[in-house]
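> Predicted structure and sequence below. I'll ask about it afterward.
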Amino acid sequence: MNYKEQLSALLSEKTGLEQSQLASMLEVPPDMAMGDFALPCFKLAKTMRKAPSMIAQEISASLSELPDWLERVEIAGGYLNFFLSRAQFVQNILQEVKSKQDRYGSSDEGQGRNIVLDYSSINIAKPFHIGHLSTTVIGSSLYKIFNFLGYNSVGVNHLGDWGTQFGKLITAYKRWGDHDTVEAGSIRALLDLYVKFHDEAEKEPSLEDEGRAWFKKIEDGDEEAMALFTWFKDLTLREVAKIYEILDVHFDSYAGESFYNDKMQPVIDELDAKGLLKDSDGAKVVDLEEHNMPPCLILKSDGATLYATRDLACAFYRKKTYDFYKNLYVVAYQQNLHFKQWFKVVEMMGHEWAKDMEHVAFGMVSMADGTLSTRKGRVIFLEDVIKSVIEKSRSLIEEKNAGLENKDQTAQDIGVGALIYSTLSNSRIKDIVFDLDRILNFDGETGPYVQYTHARALSVLRKAADQPAAQPDYSALTCPQAFAVIKLISEFPDVIRRAADKYEPFFITRHVTALAQAFNKFYYDIRILDNDANATAARLELVQAAALVIRIGLGLLGIHAPERM
Ligand code: ARG
């Protein structure tokens, strides 16, 4: 039941104006006391050639008999304010939530459409650092949101598993490494070797040649080189698998840069055939001057391919394999130019699906607490951050609720939830500064606050378990506190759609937070269980619906909602 549509239809019938025009004019007043919808009549003054207050009066007069879902209409200056019949509204929404349950807010609008999401996309033998948290968390949330709307999400971890650095790494390993140290130290050991290579190469420049030679061997498929390269890759993937498990993040494909080794030639040929390849000091480029961008480098003068060459080949592969409706890249804004350039190249090649690709950019992450960053060079390992936030939430549990069962899992849910929530608590393009104490605060706008509200609602329901069944009296939910909760619940499906539309999981974060706040106000102001069994039954339905919607919302963000905290 869409009230905005109903109201605009009614107004169209009375005024003879276009329904869509009216629908786009209807506003939601900032304060519920001013009504549920408002029509700013000054916007009609021009077409109707009358003063706004006159228009308001006339429309109001034409509405002498109201439909049962509309309780009253008030004139306030040039505005017409509409008040819904609250009890009926409440009943409709709660009915809807009850019938849809876990699927409340879902839809099938994406049926039959594939959305490819490129996220996390880590680099082999490099630390999974704090900067990868945003791409991982935003991508994973969008994955869930699109699936919830009926699309088929395809999650791809486009591994950075190609480049001369792997030749250097093999050189370093052959010189100074040993099997057991690398096995035990994993990415950190590989990073040490890599750092050592660069230190040593300053003194002994021939090391660079050795590195290049090893990379050539990887390219040629030399057995020893490939074995080492594959081992480094396995080590990295094994280590990040632990992080993905804790974050509850999944991928359908790990096809990364090396996967496109044998898939670039057809694209290069097509560029050439279409006359787009230009020679530039022996290198091959696509000139983008006309589009005010530097040229897109396709082949180096020695014939080597580049990051963009691989992304081009990859886009064609994804189009062929998934026939995507959208192909989205959740990558830091530092790579803006890269994506703009090669998206343009696909467009210049004449492929209309170029418009279906988007760079979903996001800002930088840093730590407010400098200690974490100094311990191990400048890189902040995500693993360390996760460990420390889980430890902190574990000690918070000991402090607040030492008797809790399942402490380890709950500490993980809270710690990880806090991290994800704060990553998704602003428009994605904004930079984030992590302050572990603040994001774990149970009172602010934080993950734990929302999780706690959910657990609180469930605890009310547990307490009410022995209440006799009664017919709910929805007029008990017309007070501002209850009605505010219901309205937020009613807007939830729309919020999900907008989050998908703008690739902004943060819309959902903001909404579940508002819902948690409204619920807490209701919880503090209103006695939920009282002698009036019918009113109590209605209030319990509200509690149940609020808990459910918070849980669905958190779930779409990738945050668990523990039953007890
Ligand atoms: N591995 C790259 C990085 O860490 C991100 C790759 C993003 N995906 C892509 N298809 N270019 O910077």
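Alright, I've got the coordinates.

> which one is the residue minimising distance to the centre of the chain nearest to, not counting chain neighbours?
Centroid-nearest residue in the chain, with CA atoms, centre = their mean: Ile138, separated by 3.3 Å. Leaving aside its sequence neighbours, Ile138 sits nearest to Val330 (CB to CB, 6 or more residues apart in numbering; 5.2 Å). Heads up, the C-betas are built off the backbone N, CA and C, glycines and all.

> Neighbours of the one you found, how many?
As a burial measure, Val330 scores 26 neighbours (other CB atoms under 10 Å).

> who does it bridge with?
Val330 has these beta-bridge partners by DSSP bridges: Val360.

> Looking at it now. What's its pLDDT?
The per-residue pLDDT reported for Val330 equals 98.

> State the distance from it to Ile115.
Relative to Ile115, Val330 is positioned 12 Å away (CB to CB, to the nearest Å).

> Buried residues in the helix or strand containing the residue nearest to the centre of the chain, which are they?
For Ile138, the host element (DSSP states H and E) is helix 131-148. Using 16 or more other CB atoms under 10 Å as the test for burial, helix 131-148 gives 131-148.

> the helices in the stretch 401-550 of the chain, which residues?
Assigned by DSSP state H, counting those that start in this stretch, the helices in the stretch 401-550 of the chain fall at 407-423, 436-439, 447-463, 480-502, 506-525, 533-557.

> In the stretch 251-400 of the chain, what residue lies closest to the ligand?
Per CB to the nearest ligand atom, Val331 is where the stretch 251-400 of the chain lies closest to the ligand, at 4.5 Å.

> Next secondary structure element downstream of the worst-scoring helix or strand of the chain on mean pLDDT?
Lowest on mean pLDDT, DSSP states H and E among the helices and strands of the chain sits helix 370-375, with a mean of 47. Downstream of helix 370-375, the first helix or strand assigned by DSSP H and E is helix 382-400.

> Contacts only, for the residue of the stretch 1-150 of the chain found nearest the ligand.
Nearest to the ligand, among the residues of the stretch 1-150 of the chain, is Ser121, at 3.7 Å (CB to the nearest ligand atom). Contact analysis of Ser121 by CB atoms under 8 Å, 6 or more residues apart in numbering lists 135, 156-160, 256, 331.

> Can you flag which of these belong to strands?
Among those, the ones falling in strands (DSSP state E) are 156, 331.

> which parts of the protein sit against the ligand?
118, 121, 123, 158, 160, 311, 329, 331 (CB under 6 Å from any ligand atom).

> Turn these into a markdown table, including distance to Asp68.
Shown next, in a markdown table, are these (distance: CB to CB, whole Å):
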| residue | distance to Asp68 |
| --- | --- |
| Asp118 | 50 |
| Ser121 | 54 |
| Asn123 | 61 |
| His158 | 55 |
| Gly160 | 61 |
| Asp311 | 57 |
| Tyr329 | 50 |
| Val331 | 52 |
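
> Where neighbours are concerned, which of these has the most?
Asp118 (26 neighbours).

> mind checking pLDDT for that one?
98.

> Kindly report the same for the one 5 residues further on.
Among the per-residue scores, Asn123 holds a pLDDT of 93.

> what's the spatially closest residue to it that is not a sequence neighbour in contact with, if anything?
Distances taken as CB to CB, 6+ apart put Gly160 closest to Asn123, at 3.4 Å, once the chain neighbours are dropped. By CB under 8 Å, 6+ apart, the contact list for Gly160 reads 121-124, 126, 256-257.

> any idea how far Val137 is from the residue of the stretch 1-150 of the chain closest to the ligand?
In terms of CB to CB, Ser121 sits 13 Å off from Val137.

> try Ser280
Applying CB to CB, the value for Ser280 to Val137 is 39 Å.

> ditto for Phe251
Taking CB to CB, one finds Phe251 at 14 Å from Val137.

> Right, I'll call it a day here.
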